[in-house]
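Chemist: this one's sequence-less:
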């Protein structure tokens, strides 16, 4: 598993959500593939995101509880794991840790 991305462009403006609890940067590869690399700070309530394209969220460090769409039970994900969110859906995420992630935009 690679520990870095080579030969990418980085969008200077950060994506900041929920009063700074979630911050990411968009990177783009020469072939047009886009990803976001970010961090979610510890939360007291779930943060809910909507998707427009299919997304695979890869957890780099930390752990989180995720509910995808109408799945009320949810699941815990740890570093090294990932979860998939379909196009035009939503997911809620909570964490007690600083969570580092990569969002693979799979459209």
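Modeler: Thanks, I have it. Just so it is clear, the structure is predicted and the values come from calculations on it, not from any experiment. Numbering: from 1, shown residues only.
Chemist: Quick one: low-confidence residue ranges for this protein.
Modeler: Scanning the chain with the threshold set as pLDDT under 70 gives 1.
Chemist: which residues in it form strands?
Modeler: Taking DSSP state E as the criterion, the chain contains strands spanning 8-10, 15-17, 22-29, 34-40, 47-50, 55-61, 63-68, 75-78, 82-85, 90-94, 99-105.
Chemist: So which residues make contact with the fourth one?
Modeler: Outside of strand 34-40, the residues that reach it under the criterion CB atoms under 8 Å, 6 or more residues apart in numbering are 5, 15, 21-29, 47, 64, 93, 95, 98-105. Placement of C-beta: from N, CA and C, glycine included.
Chemist: would CSV of the strands of the chain with mean neighbour count be doable?
Modeler: Below are the strands of the chain laid out as CSV (neighbours: other CB atoms under 10 Å):
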stretch, mean neighbour count
strand 8-10, 12
strand 15-17, 13
strand 22-29, 16
strand 34-40, 19
strand 47-50, 14
strand 55-61, 18
strand 63-68, 18
strand 75-78, 14
strand 82-85, 16
strand 90-94, 19
strand 99-105, 19
